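Participant: output the structure for:
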Amino acid sequence: MTMLYTTTIITSAEQAEALPLGTIAASDEPVEDAFLAVLRSIKGARVWESVDAGMQGDADMVGWIALIPAQEAARAAGRTVRHALQSVAQAAYPQAG
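Facilitator: Here you go, the predicted model:
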């Protein structure tokens, strides 16, 4: 199964807290030093879990790059996945003139 993601930079703890479970985040480091974390629910608590960085709180995620499952991002925005992907495509490849 293919999973599509949208990206955003986490700019606040509140933004990190609002992200859906299953979001993946990458630290803004050179590739060889980067950490990856996944937003999970452990015993009812939302935590960012990383093999390399351990458990992280929402405030620790500021500055990280979030990879949000496209279906969840579209649902949160009240749009369909197709509409969300069309918006991404239009932003990436604007029509000339």
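Participant: need the pLDDT of the residue nearest to Glu72 when sequence neighbours are not counted.
Facilitator: With sequence-adjacent residues excluded and distances taken as Cβ to Cβ, 6 or more residues apart in numbering, Glu72 is closest to Pro20, at 3.9 Å. For every residue, glycine as well, the C-beta is placed using N, CA and C. For Pro20, the model assigns a pLDDT of 87.
Participant: how about Ala74?
Facilitator: 64.
Participant: same check on Ala66?
Facilitator: pLDDT, read off for Ala66, is 90.
Participant: now swap in the one 4 residues further on and tell me
Facilitator: Ala70 is assigned 78 on the pLDDT scale.
Participant: quick one: it from Gly54, how far?
Facilitator: 28 Å (Cβ to Cβ, to the nearest Å).
Participant: quick one: which of those two has more around it?
Facilitator: Under the criterion of other Cβ atoms under 10 Å, the comparison of Ala70 against Gly54 puts Ala70 first, with 17 against 12.
Participant: just checking, that one touches Thr2?
Facilitator: No - when contacts are counted by Cβ atoms under 8 Å, Ala70 is not listed as touching Thr2 (10.3 Å).
Participant: helix/strand/coil for Gln71?
Facilitator: The three-state label given to Gln71 by DSSP: H, G, I helix; E, B strand; the rest coil is helix.
Participant: neighbours around it, how many?
Facilitator: Gln71 has 17 nearby residues by other Cβ under 10 Å.
Participant: what separation is there between it and Ala34?
Facilitator: On the measure of Cβ to Cβ, Gln71 and Ala34 end up 25 Å apart.
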